[in-house]
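> Okay, here's the prediction I keep looking at, along with the sequence it came from:
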There are 2 protein chains.
Amino acid sequence: MANRIKVTFQPENRVVEASPGDTLLDAAAQAGIYINSLCGGEGVCGKCRLKVLSGQVEMSSQGVGFLDRKELDAGFVLACQSTLKDQDVEVWIPPEARQEEEQILMVDNIVHYAEPSPQEAGTVPAPVPYYKPLCDKVFLKLPEPTIQDNLSDLERIYRALARKHPDVKWESDFACLKDLAHLLRKNNWEVTALVHCLDAQCHHVRALEPGDTSKRTYGVAIDVGTTTIVAQLVDLKTGKVIGVEASHNQQARYGEDVISRMIFACGRGGVDPLKNAVVTTINSLIHSLVAGAGIQPTDIVSFVAAGNTTMTHLLVGLEPCTIRVEPYIPTATRIPWARAAEVGLTGHPDALLHCMPCVSSYVGGDITAGVLACGMNDSSQLSALIDIGTNGEIVVGNNEWLVCCSASAGPAFEGGGTKCGMRATKGAVQKVRIHGDRVEIQTIGGGKARGICGSGLIDCMAELVAEGIIDQNGKFIALDHPRVRVTDGVPEFVVAQESESETGEAVVITEDDIGNLMKSKAAVLAAMKILLEGLGLQFFDLDRLYVAGGFGAHLDIEKSIRIGLLPDVPKEKILFIGNSSVAGARQALLSTHAYRKANAIARQMTYFELSVHAGFMNEFVAALFLPHTDESLFPSVRQVLKKRRGA
Amino acid sequence: MANRIKVTFQPENRVVEASPGDTLLDAAAQAGIYINSLCGGEGVCGKCRLKVLSGQVEMSSQGVGFLDRKELDAGFVLACQSTLKDQDVEVWIPPEARQEEEQILMVDNIVHYAEPSPQEAGTVPAPVPYYKPLCDKVFLKLPEPTIQDNLSDLERIYRALARKHPDVKWESDFACLKDLAHLLRKNNWEVTALVHCLDAQCHHVRALEPGDTSKRTYGVAIDVGTTTIVAQLVDLKTGKVIGVEASHNQQARYGEDVISRMIFACGRGGVDPLKNAVVTTINSLIHSLVAGAGIQPTDIVSFVAAGNTTMTHLLVGLEPCTIRVEPYIPTATRIPWARAAEVGLTGHPDALLHCMPCVSSYVGGDITAGVLACGMNDSSQLSALIDIGTNGEIVVGNNEWLVCCSASAGPAFEGGGTKCGMRATKGAVQKVRIHGDRVEIQTIGGGKARGICGSGLIDCMAELVAEGIIDQNGKFIALDHPRVRVTDGVPEFVVAQESESETGEAVVITEDDIGNLMKSKAAVLAAMKILLEGLGLQFFDLDRLYVAGGFGAHLDIEKSIRIGLLPDVPKEKILFIGNSSVAGARQALLSTHAYRKANAIARQMTYFELSVHAGFMNEFVAALFLPHTDESLFPSVRQVLKKRRGA
């Protein structure tokens, strides 16, 4: 057996045992400490900087390339590129390398489905069984058998179920028969059936419980985000959300973004650590929800999860490897229902997990859930749904057709790929106002600045161009502005000065950062434009623009339009729907019909693969301008610009 | 730990270890030796006589009551009533207590279902998908995905399946996704899907295998008889039976008949030994079938079992306890499909077991299978199906209605309840001719007589009444006949003399035996008459009478009519269909449609509970006559009788 050495992580003074040859990132993961590693430990993002306080590690030349002389002298290393030697080490994790609690968007603006009131039901000519949870419990008080009424135990149950739900074929799981005879006779012929409403025609009894447990029928809707996982506890008998919890996706320890996790899963790491991480995260949310609501975990009989295609694959333990390489093929877009216990989720032993159906490798169940939640597929109005994150997913359509595409926006809006970028956590600059030489900033939490998050970057860009500090190409022109400086030949704008910063180093946005952000926003807008043009449509034709995603809630719509991230449509047409992923999952939880509709949405949706579209590159290049090379697309921005030019 | 002692069974010299306190019957069962025990070890049938050669056992007073002085002196004991003491014993199993290989009716006269030929198909206006095995394999050669054709792996499989089987909804098991990506890419996109044809609308992929394994697609149809189990190996691609095997149901060690096994299962024994015994029996048949056909056990993807309701329960491990007591309720009549591996059957790990649906506690899946096999439910002719065994099950009906009942015939026709009765095994007298003083017998195997089986008893009764040795009440009248003697005050007829007997003791039929046989035949006929009369019908109204069951093949139809076991209908209307249970199971194996039809048969069949019918006892009493007190019911027999009376 190899020597075991001690690694001490500061400032928590957490100690973990490791073996020589392990990387510092491995050791941190073993200790349950999350270190920023956007690239998943590939040594290409340079985010996992730690400072070695005592002892020595061996860093690869690739790691050395990421650090300057001053940093190297101070003992900084990249955690993923530094292997442990045969000696104990003590390291310090600087604030910017830490992952901390975020402001997480848990709620959504989607109304809950509820059983139609009698009046409403009366006005509907052909009542659709809309409120019918995917999994439900039905209490049955059976008549005792006699010579005259001598149906078998199981047929007796079917008959009672058919009386409550006529016009449905009933079947059951073989396992239900075990001890059924005793169950009925010991419990005065009173049992509760756990029913899986497969579809409108056929319902399946999955389990039978003694007595009446139907009052305790709960489900959990889950938004399996790459960064954040949100879970809603829903009372399936009333449709009410009785608890919401959210936390960081613990998968982050294996890589910040989807691609780095794919690399991990398809490399030496394998899929299991990622699956276990997301399941552990969800289970911790379930424990909080259950404790908060005062119910038992076994009261949860149903789970619906919505996530992008890779997250969905990882949740159920499928390798996402073929998703990543051309021709980008997932194992499945419609995942068959699984036993939640088999997946590892805490709940009733016979609870089921349904995943929201995906459309393709890069349009996932979160988007299908989003369409379901906003209901754009039910309206004759022309609507678009835009979900901005690392991938910008866009859906356009109405009740007759749906077309979607996905544009790789890059991590810029989530704080990646920029010098001082960070996610929307404590210390992130989220608002920036520039008045001449004066710069006002607002950080999350109100304390000193640690970095700048997506909404801060958008604010900043919009202000820089409005103030004429950068031009519409994103190039610095006001090099004499007191906040503009040049570092290593690259101009940058000092958003937070050394004195305003927690680390003592200025928080800046560089010309390269702006270039990256412009590429991101250009990709999203070009994708949307290409998609619309392919349909013979323009931005102005949209009746409704739904903006979704955790990012969406922090977004300053006006400034987003100003930099050309969102199209210049009247603001009253733009609707925030918040976390539409969890909202759609909840709808499916409450309605077999809604789940089937989601499947229809996924099937119906035409996926438009941008990477093979000849016109995309032209549109992308045209959008690499603030707001756009074609000013006529942004009439409201043009007016502002005109005013300024006139001034 | 208790002392272990040795029990030696002769004549095989088989030695088994046992504990003091075990019964000799327990010890024999542990050794895998089958001893006749009609009553299942309850000490009421007296069949399990063994002779103690050395050592001592302790016999209960109940056991002592079954043996006469001579037997006791010779060391005979009842195995079930004798517990082992703290010493080794050696016992001898006499021939009549042994169970040996039987003449088992394995085949049936039912034509195989085959895919309709193109000509036939052309003439059918709306082709019914009749030939569609419940479980099947489908080979798929998938096109490799491209950017343009970027369906997920699973949807690609669905598309290929839908091209082969359009108009069907496809779904799959969650387990199919595991390693699917590798499976396809490592095997040049060639896979074989194991498909469960749930119903006409929906097919379910249960497993995926590399390459083309579709040539190896086999199923097993099983008749789970109380006494005998018959299994047919069927090539699901051609519908052909490629092997048949049969053997004793090893459950017999726990009791000869259904009731004694129920008592065992619901008493201290529990259901597991019975379940294991029947599964072991079936697996041994499968091994023979597989070896004979030169295939692998994993080539078997489908099982269909037909058995009476109790046998069906025991096969799948369900307690049959509520079947036995009023109001006679089975746990299930339609058993949901089960994974065959879970039940313990040898085959493909994803093979399924379907049980033929039962009607009620006393009309089982064997009868449903029989109706399906003879097709009486498809014909406008009025037909009856009669399956004679321990229970006589009777179905009457046509394509519009089906009514059935079950009469407890008792074990007389299977060799129980009679002094020298035995099953149709080697040494059983199966044919008897009486010419005045001369008696001719024929034994199974041609050797010396050991006892007399059901067909021999029927022959014997018919001859005794024809020769005027007994009267029509079954009472001996020719007490001066050289073969008639009186033992312990009961008259008996010597069928085989001491010199013709293997044991050296005469094989006889007593007046009590005849009384028991008359009760059995009266029960069957009365049941049929009550059933028909309840429908406003008479025996003469029947267009067709199907006779089924292992017993049926040995039955002399004319003599069966002569004693009033079968009704006096023209012989050309009577059809042997042999083992209709296995035939029906095979049809279901080959046709989802047939299986659904069997479910419809079971649902449609009206069960007529005789035990609550006021008229049954009158009819039963009226039938306690040879052939019947109402001679007009038996016109052909009346003619024979008249001739004799005239003579």
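That came in fine, so what should we check first? Numbering: from 1, shown residues only, chains lettered A, B, ... in the order given.
> Quick check: A:Arg644 is in a helix.
Yes - secondary structure of A:Arg644 (DSSP: H, G, I helix; E, B strand; the rest coil): part of a helix.
> Thought A:Glu467 was touching it, still the case?
No - counting by Cβ atoms under 8 Å, A:Arg644 does not reach A:Glu467; the two are 9.2 Å apart. Any C-beta I mention is one placed from the backbone N, CA and C, and that applies to glycine too.
> Could you check which of those two has the larger neighbour count?
More crowded of A:Arg644 and A:Glu467, by other Cβ atoms under 10 Å in any protein chain shown: A:Glu467, with 16 against 12.
> list the contacts for the more buried one?
The contact partners of A:Glu467, taken as Cβ atoms under 8 Å, 6 or more residues apart in numbering or on different chains, are A:434, A:436, A:478.
> Look up how far A:Pro567 lies from it.
A:Glu467 sits 24 Å away from A:Pro567 when distances are taken as Cβ to Cβ, to the nearest Å.
> Say whether chain B is contacted by the strand or helix carrying A:Tyr158.
In the assignment (DSSP states H and E), A:Tyr158 maps to helix A:153-164. Yes - on the criterion Cβ under 8 Å from any Cβ of the partner chain, helix A:153-164 is in touch with chain B at A:153-155.
> out of those residues, who's nearest chain B?
Nearest to chain B among these: A:Leu154, at 3.8 Å, using Cβ to the nearest Cβ.
> Now that closest one. Nearest residue, chain neighbours left out?
In space, and not counting its chain neighbours, A:Leu154 is closest to B:Ala332: 3.8 Å by Cβ to Cβ, 6 or more residues apart in numbering or on different chains.
> before we move on, what about A:His613?
Leaving out its chain neighbours, A:His613 is closest to A:Ile530 (Cβ to Cβ, 6+ apart), at 6.0 Å.
> tell me the SS of the one you found?
Per three-state DSSP, A:Ile530 ends up helix.
> ok, it - how many residues close by?
A:Ile530: 22 surrounding residues under other Cβ under 10 Å.
> Now do the contacts for A:Cys374.
A:110, A:383, A:385, A:546, A:548, A:575, A:577, A:580.
> Next one: it from chain B, what distance?
As judged by Cβ to the nearest Cβ, to the nearest Å, A:Cys374 and chain B stand 25 Å apart.
> Retrieve the pLDDT associated with that residue.
Looking at A:Cys374, its pLDDT reads 87.
> any idea how far the residue nearest to it when sequence neighbours are not counted is from B:Glu505?
Leaving aside its chain neighbours, A:Cys374 sits nearest to A:Tyr546 (4.6 Å; criterion: Cβ to Cβ, 6+ apart). Distance of A:Tyr546 to B:Glu505, computed by Cβ to Cβ: 95 Å.
> Looking at those two, which is more packed in?
Neighbour count, other Cβ under 10 Å: between A:Tyr546 and B:Glu505, A:Tyr546 has more, with 24 against 13.
> Does the more buried one belong to a helix, a strand or coil?
Strictly by three-state DSSP, A:Tyr546 counts as strand.
> Now the element after the lowest-mean-pLDDT helix or strand in chain A, going C-ward?
The weakest-scoring helix or strand in chain A, judged by mean pLDDT, DSSP states H and E, is helix A:118-123 (a mean of 32). Counting by DSSP H and E, the next helix or strand C-terminal to helix A:118-123 is strand A:135-141.
> elements contacting that next one?
With contacts defined as 3 or more Cβ pairs under 8 Å, 6 or more residues apart in numbering or on different chains; DSSP states H and E, strand A:135-141 has these neighbours: helix A:153-164, strand A:190-197, strand A:300-307.
> And that strand, what's buried?
Residues of strand A:135-141 classed as buried under the neighbour-count rule (16 or more other Cβ atoms under 10 Å in any protein chain shown) are A:135-140.
> the inter-axis angle of that strand versus helix A:153-164?
100 degrees (axes from the mean of the first three to the mean of the last three Cα atoms, to 10 degrees).
> Now do strand A:135-141: everything it contacts.
A:157, A:160-161, A:164-165, A:189-197, A:206, A:209, A:212-214, A:216-217, A:219, A:236, A:301-302, A:351-352.
> Direction included, what does that strand pair up with?
The pairing partners recorded for strand A:135-141 under DSSP bridges are strand A:190-197 (antiparallel).
> ok now the strand it pairs with, how far from the chain's centre?
Strand A:190-197 sits 33 Å away from the centroid of its parent chain (Cα atoms, centre = their mean, to the nearest Å).
> go on, stretch A:176-194?
Its chain's average C-alpha position is 42 Å from that of stretch A:176-194, according to Cα atoms, centre = their mean.
> Dump it to PDB, keeping only the CA atoms.
Extracted C-alpha coordinates of stretch A:176-194, given in PDB (Å, rounded to 0.1, in the frame of the first residue of the first chain):
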ATOM      1  CA  CYS A 176     -48.300  -6.600  -6.000                       C
ATOM      2  CA  LEU A 177     -49.500 -10.100  -5.600                       C
ATOM      3  CA  LYS A 178     -47.000 -11.100  -3.000                       C
ATOM      4  CA  ASP A 179     -48.900 -11.300   0.400                       C
ATOM      5  CA  LEU A 180     -51.900  -9.600  -1.200                       C
ATOM      6  CA  ALA A 181     -54.300 -12.200   0.400                       C
ATOM      7  CA  HIS A 182     -52.900 -11.400   3.900                       C
ATOM      8  CA  LEU A 183     -52.800  -7.600   3.200                       C
ATOM      9  CA  LEU A 184     -56.500  -7.400   2.400                       C
ATOM     10  CA  ARG A 185     -57.700  -9.800   5.200                       C
ATOM     11  CA  LYS A 186     -55.500  -8.200   7.900                       C
ATOM     12  CA  ASN A 187     -56.600  -4.700   7.100                       C
ATOM     13  CA  ASN A 188     -60.300  -5.100   6.900                       C
ATOM     14  CA  TRP A 189     -60.200  -4.900   3.100                       C
ATOM     15  CA  GLU A 190     -58.900  -1.400   3.200                       C
ATOM     16  CA  VAL A 191     -55.800  -0.700   1.100                       C
ATOM     17  CA  THR A 192     -54.200   2.100  -0.800                       C
ATOM     18  CA  ALA A 193     -53.000   1.500  -4.300                       C
ATOM     19  CA  LEU A 194     -50.000   3.200  -5.700                       C
END
